[in-house]
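Colleague: Sequence below, structure please.
(chains A and B)
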2 protein chains.
Amino acid sequence: MKRAIILGGGMVGSAMARDLAADPGFQVTVADVRPPVLERLAAQVGVQTVHADLGDPQAVGRVVADYDLVLGALSSAIGFRTLRAVIEAGKSYCDISFMPEDATALSPLARERGVTAVVDCGVAPGVSNMLAGYGAGQLDHCERLTIYVGGLPVERRWPYEYKAGFSPHDVIEEYTRPSRLVEGGRVVVREALSEPELLDFPGLGTLEAFNTDGLRSLVRTLQAPEMVEKTLRYPGHIALMRALRETGFFSKEAIDVGGVRVRPLDVTAALLFPKWTFAPGEADLTVMRVVVEGRRQGTPTRLAWDLFDRYDPKTDTRSMSRVTAFPATIMARFVAEGRFAHPGVHPPEVPAREPGLMDAMLAELEKRGVHYQARVESGI
Amino acid sequence: MKRAIILGGGMVGSAMARDLAADPGFQVTVADVRPPVLERLAAQVGVQTVHADLGDPQAVGRVVADYDLVLGALSSAIGFRTLRAVIEAGKSYCDISFMPEDATALSPLARERGVTAVVDCGVAPGVSNMLAGYGAGQLDHCERLTIYVGGLPVERRWPYEYKAGFSPHDVIEEYTRPSRLVEGGRVVVREALSEPELLDFPGLGTLEAFNTDGLRSLVRTLQAPEMVEKTLRYPGHIALMRALRETGFFSKEAIDVGGVRVRPLDVTAALLFPKWTFAPGEADLTVMRVVVEGRRQGTPTRLAWDLFDRYDPKTDTRSMSRVTAFPATIMARFVAEGRFAHPGVHPPEVPAREPGLMDAMLAELEKRGVHYQARVESGI
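Modeller: I've put the predicted structure just below:
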């Protein structure tokens, strides 16, 4: 029996806990700073709990000391320092925190401590990276990678037709940070929310896609001359978000308003984020399409995977939590079993190239109802 | 020679000054609190100037004491108290301030002092009221009044395709205050920005019209079972404004943001209004359509007037300033000549019913290049 601890008992952490607790191979503990969160998890999922302020890296070090394996489901802002604390404690780690820093900068430290850590191990980044790395490995030469991904409410409500499956601050960050993509083998920078496309998804209808800065580690790890990542929303969202951004509502520069200094983004957050919050029991969905194109044995080939996942009413788990949590809990098992054991800090496209690992990951996701529909087109 | 004083030397006050100064029958003075405004008017228009804080009604009383006639071009917030101060000083008055209060509440005071005051004497309210009152007087029975009006920039710039020809605060007020209209002889209240229509204007293209609270005095003074006033913008403006309003960006209720209290509207004003300000020399246009329908000698009849006015590059006077200022300066002449002399406070539909006055008003506007195109349709 392995002892696992999950750092953070929020939406994704709860889904991780539920998944691991159902596995007789694990004894599961959740750490969080919020007592009500811990009480709910103890009652509903039957896990053990630890009350700790995980914003403090020393507390992280103390909390993880007695465990074999650590999973991270904390906010992006504290992702990097938590990663360092876990490595320093000598523990294997799978994390979904979407930290802005380059996690692989801690790879030398991880090798020194003999720690295997996989970061960005959710859906996108996460399975998107795995499929990109795996797909490119199936080709002689990968010419193009395209990732479309979006988390959406099922019920479309005017004016935004959007709710945030993760931190709304990270959503606004996606709408403001310049997007890096790869064209002709070079990294180019485009404005976020730019280059809109309309795409049809069977069973869902038309969505609009726009540039976001989602390639992350793939810019470095994948040798493809064309790479783009786009976010999906219901049509009309881009126009509103661009208008808000253009007007300055997303600005972090404080302005003077009636004698007080205030950051427009903070006002926008106070007004907008309550409207972007899912109601209890509200259904969401996740759409992702990963396309890898190139040549296989000389033949032009396109490998594509489509995800269309929905809210689980049985466990009241939102789709975005499911599709983010399960890749991490599955990868954690692979690490615990020694199926992927390479000291260092790795983005998920690295383990995805291990023989059989991608098939095993997709099979495990399938068992949890997360279905990636694969398509292969040749001679196109 | 009559001595006239204009209260306020802003955009509209300047256009009033230029118009009256060109008339040998008037000696013109402008009062304002801003020395640079007064210096510019003295240099460019050759008027006399008085420095005074017109936010103080006592200062208004002192300033107007030596004049035969007073014109008001102040902000809506101080319109009412300025009106009272001018009446108490015993001076005739023509005003365009768009005050929120019911100006006719001061009618008893005006009658007591023998003062004739015409308020709302711009374009809309203003000529719109005059044409409504005049047109209804041409019919046996007025069944419907429809007013469409908008001030717009010539150059359409994403995202708002709008700039404010008068106070942006008054524009937002138009987008938030419930709209009173008349249906089936009863006053009904609709949300502002509601019931959009697309209308084509020759030479300009398609505009969108939406309910605003612009009928004002006409709700009481005109006996028509159907009355509506709508504001015109380039298509798309409503959607953005409704989204901002829905999100709370127009709210006057202070919220807590990072420990300080701030009104969202003040933040919106700080961000938005600089973008809504015309650049020096930037061209604007004004569109208005007033339609009065009913029966004349038993025949269904529609009387309509169309205004399509543009920025005057010769005098660098914006269209909105022209079409607002001239009705007031022309009405001021009518009052000064005794052509309209009825002590009291009147909305402009009252003088418009005096024999010959409407024709004279339109002829005088025409001399200034402000052309109202009349149409009569019978037997419709």
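Colleague: do you know how far the spatially most central residue of chain A is from residue A:11?
Modeller: Nearest to the mean C-alpha position of chain A, by C-alpha atoms, centre = their mean, lies residue A:122 at 3.8 Å. Relative to residue A:11, residue A:122 is positioned 12 Å away (C-beta to C-beta, to the nearest Å). For every residue, glycine as well, the C-beta is placed using N, CA and C.
Colleague: coming back round to it: contact partners for the residue nearest to the centre of chain A?
Modeller: Residue A:122 makes contact with A:12, A:96, A:98, A:323-325, A:327-328, according to C-beta atoms under 8 Å, 6 or more residues apart in numbering or on different chains.
Colleague: Also residue A:327?
Modeller: Residues in contact with residue A:327 (C-beta under 8 Å, 6+ apart) are A:96, A:121-123, A:126-127, A:130, A:348, A:361, A:365.
Colleague: Reformat those residues into CSV and put secondary structure next to each item.
Modeller: Converted to CSV, the contacts of residue A:327 look like this (DSSP: H, G, I helix; E, B strand; the rest coil):
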residue, secondary structure
A:96, coil
A:121, coil
A:122, strand
A:123, strand
A:126, strand
A:127, helix
A:130, helix
A:348, coil
A:361, helix
A:365, helix
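Colleague: which one of these is nearest residue A:303?
Modeller: Using C-beta to C-beta, residue A:130 comes nearest to residue A:303 of the contacts of residue A:327, at 12.7 Å.
Colleague: got any ranges where the stretch 51-200 of chain A has weak pLDDT?
Modeller: Within the stretch 51-200 of chain A, no range satisfies pLDDT under 70.
Colleague: Spell out which parts of it neighbour chain B.
Modeller: Contact residues, the stretch 51-200 of chain A versus chain B (C-beta under 8 Å from any C-beta of the partner chain): A:158-160.
Colleague: Who are the contact partners of the residue nearest to residue A:24 when sequence neighbours are not counted?
Modeller: Excluding its sequence neighbours, the residue lying closest to residue A:24 (C-beta to C-beta, 6 or more residues apart in numbering or on different chains) is residue A:1, at 7.8 Å. Counting by C-beta under 8 Å, 6+ apart, residue A:1 touches A:24-27.
Colleague: Present the residues you listed as TSV; the columns should include neighbour count.
Modeller: TSV is the format used below for those (neighbours: other C-beta atoms under 10 Å in any protein chain shown):
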residue	neighbour count
A:24	7
A:25	11
A:26	21
A:27	17
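Colleague: and of the residues you listed, the nearest to residue B:180?
Modeller: Nearest to residue B:180 among those: residue A:26, at 66.6 Å, using C-beta to C-beta.
Colleague: can you tell me how far that closest one sits from residue A:272?
Modeller: Taking C-beta to C-beta, one finds residue A:26 at 39 Å from residue A:272.
Colleague: In chain A, which helix is the longest?
Modeller: Counting by DSSP state H, the longest helix found in chain A is helix A:319-336.
Colleague: Just among the residues of the stretch 51-200 of chain A next to chain B, which is most surrounded?
Modeller: Sorting these by how many neighbours each has (other C-beta atoms under 10 Å in any protein chain shown) puts residue A:160 first, at 22 neighbours.
Colleague: and it, what element?
Modeller: Residue A:160 belongs to no helix or strand when assigned by DSSP states H and E.
Colleague: Hmm, it is touching residue A:240, no?
Modeller: Yes: when contacts are counted by C-beta atoms under 8 Å, residue A:160 is listed as touching residue A:240 (6.4 Å).
Colleague: hey, what's in contact with both of the two?
Modeller: In contact with both residue A:160 and residue A:240: residue B:243, using C-beta under 8 Å, 6+ apart.
Colleague: returning to what we had before: dump the contacts of residue A:327 into a markdown table; add distance to residue B:104 as well.
Modeller: Converted to a markdown table, the contacts of residue A:327 look like this (distance: C-beta to C-beta, whole Å):
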| residue | distance to residue B:104 |
| --- | --- |
| A:96 | 67 |
| A:121 | 72 |
| A:122 | 66 |
| A:123 | 65 |
| A:126 | 68 |
| A:127 | 70 |
| A:130 | 74 |
| A:348 | 74 |
| A:361 | 77 |
| A:365 | 73 |
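Colleague: What subset of those residues is buried?
Modeller: The neighbour-count test (16 or more other C-beta atoms under 10 Å in any protein chain shown) applied to the contacts of residue A:327 identifies A:96, A:121-123, A:126-127, A:130, A:348, A:361, A:365 as buried.
Colleague: Checking residue A:15 next. Helix, strand or coil?
Modeller: Under three-state DSSP, residue A:15 falls in the helix class.
Colleague: so what's the residue nearest to it when sequence neighbours are not counted scoring on pLDDT?
Modeller: Excluding the flanking residues, the one nearest residue A:15 by C-beta to C-beta, 6+ apart is residue A:325, at 3.6 Å. What the model reports as pLDDT for residue A:325 is 98.
Colleague: ok, residue A:325 - how many residues close by?
Modeller: Residue A:325: 30 neighbours (other C-beta under 10 Å).
Colleague: for it, what are its contacts?
Modeller: Contacts of residue A:325 (C-beta under 8 Å, 6+ apart): A:12-13, A:15-16, A:19, A:73, A:96, A:122.
Colleague: what would those look like in JSON lines with distance to residue B:148?
Modeller: Formatted as JSON lines, the contacts of residue A:325 follow (distance: C-beta to C-beta, whole Å):
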{"residue": "A:12", "distance to residue B:148": "53"}
{"residue": "A:13", "distance to residue B:148": "56"}
{"residue": "A:15", "distance to residue B:148": "55"}
{"residue": "A:16", "distance to residue B:148": "59"}
{"residue": "A:19", "distance to residue B:148": "61"}
{"residue": "A:73", "distance to residue B:148": "56"}
{"residue": "A:96", "distance to residue B:148": "55"}
{"residue": "A:122", "distance to residue B:148": "53"}
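Colleague: Which one of those sits in the busiest neighbourhood?
Modeller: Within the contacts of residue A:325, neighbour counts (other C-beta under 10 Å) peak at residue A:16, which reaches 31 neighbours.
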